[in-house]
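> starting from these lines, generate the structure:
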Amino acid sequence: MNTPTHLIVALAALARKNNSARRNLAVAAGALAPDLSIFVFYFWAKIVRAMPEAQIWRDAYWREPWQTLGAVSNSVPLMAVLLVLSYWRRAPLLGVFALAGLIHVALDFPVHADDAHRHFWPLTQWRFHSPVSYWDPSHYGVIGGAIELLLLIGTAFVLWVRFTSLWVRVALALTVASYFFVGVYFRIAFAA
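Here you go, the predicted model:
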């Protein structure tokens, strides 16, 4: 799934309204953490190396160290260790960070076909290649994308109702808008 959807769904599941700014920031960080390696990779490929989109996603993305960094940031065992550590050390912010990361992985698991992650690294190198993709039309990407869009809109609505402050609603609107911006950007980039 796309990063904005991960963020919105994790916040809808775990964010709290009253005096919970630190908790909510931990949730947001946990929801974003599995995709951090992709953002670092993309910055390196696009800005540092000036690669065209097709080369970035068809070639460079599949090379090391990016695949291992992606495995680390999407690792269920590592997030489970963080979750156990949070209970052992009585660190609730670490706990919601780990839970948000696990929500991210749980959403990704059934919608990554040819681009599947190694979600159980370091225990195994196995990848679940789903028959459904959130983006690839050759793997029901139109249906997967439509379901993702409905999930994004539904959970954004939940947050819109739960949080009435202007700055939260502006951040929410910008996050939802970024989903559409990224989608349009990649369609243009790959059409060229």
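
> from here on, contacts and neighbour counts on C-alpha atoms
Noted.

> other SSEs contacting the longest helix that the chain contains?
The residue-count maximum for a helix in the chain (DSSP state H) belongs to helix 166-191. Counting contacts by 3 or more CA pairs under 8 Å, 6 or more residues apart in numbering; DSSP states H and E, helix 166-191 packs against helix 3-14, helix 53-58, helix 141-162.

> so how far is that helix from its chain's centroid?
Mean C-alpha position of helix 166-191 versus that of the full chain (CA atoms, centre = their mean, to the nearest Å) differs by 14 Å.

> please identify the buried residues of it?
Buried positions in helix 166-191, judged by neighbour count with 16 or more other CA atoms under 10 Å: 169, 172, 175-176, 178-179.

> related to what we said a few turns ago, tell me the most buried of the helices and strands packed on helix 166-191?
Mean neighbours per residue, mean count of other CA atoms under 10 Å, is largest over the helices and strands packed on helix 166-191 for helix 3-14, with a mean of 22.

> C-terminal to it, what's the next element?
Going down the chain from helix 3-14, the next helix or strand is helix 21-43, by DSSP states H and E.

> tell me the mean pLDDT over that next one?
For helix 21-43, the mean pLDDT works out to 96.

> now do the buried residues in that helix.
By neighbour count on 16+ other CA under 10 Å, the buried set for helix 21-43 is 23-38, 41-42.

> how about stretch 110-124?
Buried residues in stretch 110-124, defined by neighbour count with 16+ other CA under 10 Å: 110-113, 115-121.

> quote the end-to-end distance of it.
Stretch 110-124 stretches 18 Å from its first residue to its last (CA to CA, to the nearest Å).

> got the angle for the least confident helix or strand in the chain by mean pLDDT vs helix 141-162?
Least confident element among the helices and strands of the chain, by mean pLDDT, DSSP states H and E: helix 166-191 (a mean of 84). Relative orientation of helix 166-191 and helix 141-162, computed by axes from the mean of the first three to the mean of the last three CA atoms, to 10 degrees: 170 degrees.
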